[in-house]
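>>> Pasted the sequence and its predicted model underneath.
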Amino acid sequence: MTAANLAFRSGAAGIQPFTGMEPAHLSRLGVWRGDDWQPGGGAATQVQASGHAGLDLQLPGGGWPVGAMSEILLPQHAHPEWSLVASALAAVLKKEQSAQHAVLVAPPLQVFTPALQMSGVAAAQLCCVHPESSALAFSSRRRATGTTSDAASIWVSEQALRCRDVGAVLAWLPQSQPPALRRLQLLAAQQRKLLWVFRPEPVRAQASPAPLRLWIEALESCLRVHVIKRRGPPLQQPVDLPLLHGQLLAELSAQKRRKAQMHLDAQAQLAARPHSSPSSSPSSSPGPSPSDLQEARHALAGLAFATHR
């Protein structure tokens, strides 16, 4: 079929001009238009603010897309993903649907819930699933052939997206292939759910069905976000974000001050203890009382806690 024939379609009355589809219908099919990346342009796209004003300015619609996959490429030996998504996740779980939960599929490390609670994410609303612990039926054949995949994690992610009480799915899928990711993208669009997929940075050269793709660098002073794929023009300059949530950073600073004060108090208690005179004999010295010994032990314990924690 030639390019000219693409503009026509056959009908009962002969060849008629093809007028195309309505933008709303195209949006339901997962087709996006070039002017969809800005608020007010193209078909309306539901988004969830990221909690970082600088990042929202560069995301299509001003936030994370709802009903689409957001793929985040992580650096090796670092996991800065929570600094990026915690604020948005907290906002999703606090919406009017009180029964909303977030499903974490195959997280590589144990979740530190106190830090998430400082960001507004309640631990009771998180559901962690480790498919590899119950995936013997999947893994025996793969071990025999020397191949691995995220088949079990993909299946769990699909079921979580279909669950009515789940508002967001976070999946760590380091070995998934484009066909499996495409299924997740289509399912997220059908269910209108937030979907974050975390993969290692070396897969950046591979094709991806995700409409939004970010590459993260964890620097000493900030979190550098490269928007390598989005609906609209490419982003020329990366966006720098704080490494830690503001409330968590304030709590860590306060904890550091408390430990320093404990160290000073312990030193003061040790210095205030009465010392025996060098000229006095051991027999004439009354020796420390039990209360003095107990006070000294408390001071030393406080000093050890302040220096080793």
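Perfect, thanks for sending it.
>>> use CA for all of it now, contacts and neighbours both
OK.
>>> neighbours around residue 220, how many?
7 (other C-alpha atoms under 10 Å).
>>> likewise residue 182?
The number of residues packed near residue 182 is 15, by other C-alpha under 10 Å.
>>> tell me which element residue 231 is part of?
According to DSSP states H and E, residue 231 maps onto no helix or strand at all.
>>> sorry, that was for residue 103
strand 101-105.
>>> What is that strand packed up against?
In terms of contacts (3 or more C-alpha pairs under 8 Å, 6 or more residues apart in numbering; DSSP states H and E), strand 101-105 is packed against helix 81-93, strand 126-129, helix 151-162, strand 166-172.
>>> Keeping just the C-alphas, turn the third one into PDB.
Taking Å, rounded to 0.1, in the frame of the first residue of the first chain, the C-alpha atoms of helix 151-162 are listed here in PDB:
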ATOM      1  CA  ALA A 151       8.500 -14.000  34.600                       C
ATOM      2  CA  ALA A 152       7.200 -14.500  38.200                       C
ATOM      3  CA  SER A 153       7.600 -10.800  39.000                       C
ATOM      4  CA  ILE A 154       5.800  -9.800  35.800                       C
ATOM      5  CA  TRP A 155       2.900 -12.100  36.700                       C
ATOM      6  CA  VAL A 156       2.600 -10.600  40.200                       C
ATOM      7  CA  SER A 157       2.700  -7.100  38.700                       C
ATOM      8  CA  GLU A 158      -0.100  -7.900  36.400                       C
ATOM      9  CA  GLN A 159      -2.300  -9.200  39.200                       C
ATOM     10  CA  ALA A 160      -1.500  -6.200  41.300                       C
ATOM     11  CA  LEU A 161      -2.600  -3.800  38.500                       C
ATOM     12  CA  ARG A 162      -5.900  -5.700  38.200                       C
END
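>>> Report the inter-axis angle for it versus strand 101-105.
Following axes from the mean of the first three to the mean of the last three C-alpha atoms, to 10 degrees, one obtains 170 degrees for the angle between helix 151-162 and strand 101-105.
>>> Tell me which residues of helix 151-162 come out buried.
151, 152, 153, 154, 156, 157, 158, 160, 161 (16 or more other C-alpha atoms under 10 Å).
>>> can you tell me which two in the residues you listed are farthest apart?
The distance between the two most remote of these (C-alpha to C-alpha) is 15.5 Å, for 151 and 161.
>>> My guess is residue 226 contacts residue 212. True?
No - if you go by C-alpha atoms under 8 Å, residue 226 and residue 212 don't touch, sitting 11.0 Å apart.
>>> if we can go back for a sec, residue 271: which of the helices and strands packed on strand 101-105 is closest?
The nearest among the helices and strands packed on strand 101-105, by C-alpha to C-alpha, is helix 81-93 at 43.5 Å.
>>> Now that closest one: average pLDDT?
Across helix 81-93, pLDDT averages out at 91.
>>> same question, stretch 48-57
92.
>>> Residues contacting it, please?
By C-alpha atoms under 8 Å, 6 or more residues apart in numbering, the residues outside stretch 48-57 that reach it are 62-66, 84-85, 87-88, 92, 239-241.
>>> buried sites along it?
Those would be 48, 49, 50, 51, 52, 55, 56, for stretch 48-57 by 16+ other C-alpha under 10 Å.
>>> Let me know how buried residue 173 is, in neighbour terms.
Other residues within reach of residue 173, judged by other C-alpha under 10 Å, total 22.
>>> From residue 185, how far out is it?
13 Å (C-alpha to C-alpha, to the nearest Å).
>>> could you dump the strand holding residue 103 to CSV, C-alpha only?
Taking C-alpha atoms only, strand 101-105 is exported to CSV below (Å, rounded to 0.1, in the frame of the first residue of the first chain):
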residue,chain,number,x,y,z
HIS,A,101,-2.5,0.2,48.9
ALA,A,102,0.8,0.1,47.1
VAL,A,103,2.4,-3.2,46.0
LEU,A,104,6.2,-3.5,45.9
VAL,A,105,7.2,-6.4,43.6
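>>> Neighbouring strands - and their directions - for that strand?
strand 126-129 (parallel), strand 166-172 (parallel) (DSSP bridges).
>>> now those in JSON lines, with distance to residue 198, mean neighbour count and mean pLDDT?
Formatted as JSON lines, those follow (distance: least, C-alpha to C-alpha, whole Å; neighbours: other C-alpha atoms under 10 Å; pLDDT from 0 to 100):
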{"stretch": "strand 126-129", "distance to residue 198": "15", "mean neighbour count": "16", "mean pLDDT": "93"}
{"stretch": "strand 166-172", "distance to residue 198": "5", "mean neighbour count": "23", "mean pLDDT": "95"}
